[in-house]
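**Student:** here is my input; please provide its structure:
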Amino acid sequence: MAYNQKEYMKEWYSKNKEHVLNYKKQYRQDHAQQLLEYNKQYKELHKEENKIRDINRKESYRGRRRELQLKRYYQLTYKEWLQIWNNQDGKCLICQIPFDKPSDSCVDHNHITGEIRGLLCRKCNCAIGLLKENIQSIKNMLKYLEG
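**Tutor:** Predicted coordinates for the structure are as follows:
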């Protein structure tokens, strides 16, 4: 049977997890100042690389962030959102003003059932939210505005 250092180390780490964690913790405590200095020097030496990497990361995440929000809050895929956008011709359902950019749209949904009603601009979405989706309040407001 051949000696496999990688397998041996893997097995050793799994058996000694507590020891390894304590060792790492103690090392960080003992060498905190050195680590801070090293990190400062590294950042200074790689300033331009880090700047470019951060910009690229931010740009790649920007589009992905919207997809994640749609999925998390509304159980809506980006394709489904895009279909709603196209059905509304990129306009708010209430005021019919075109969105400047897709990120300006808000997904309007029923807070009780979770059903998605459409895309609204921020102002219309806030108005509905301030009225607490109360149809009677909205009717009263309409009567008031009509005189």
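**Student:** how far away is the residue sitting nearest the centre point of the chain from E59?
**Tutor:** The centroid of the chain falls nearest to R65 when counting by Cα atoms, centre = their mean (4.3 Å). R65 sits 11 Å away from E59, going by Cβ to Cβ, to the nearest Å. The C-beta positions use only the backbone N, C-alpha and C, and glycine is treated the same way.
**Student:** now do the strands in the protein.
**Tutor:** 106-109, 116-120 (DSSP state E).
**Student:** quick one: strands adjacent to the shortest one?
**Tutor:** This means strand 106-109. According to DSSP bridges, strand 106-109 forms sheet pairs with strand 116-120 (antiparallel).
**Student:** okay, the strand it pairs with in CSV with CA atoms only?
**Tutor:** The C-alpha trace of strand 116-120 is given here as CSV (Å, rounded to 0.1, in the frame of the first residue of the first chain):
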residue,chain,number,x,y,z
ILE,A,116,-47.7,39.5,-8.6
ARG,A,117,-49.8,42.3,-10.1
GLY,A,118,-47.2,44.0,-12.3
LEU,A,119,-44.4,46.5,-12.4
LEU,A,120,-44.8,50.0,-11.0
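**Student:** so what touches it?
**Tutor:** 74, 76, 84-85, 88, 92-94, 99, 105-110, 128 (Cβ atoms under 8 Å, 6 or more residues apart in numbering).
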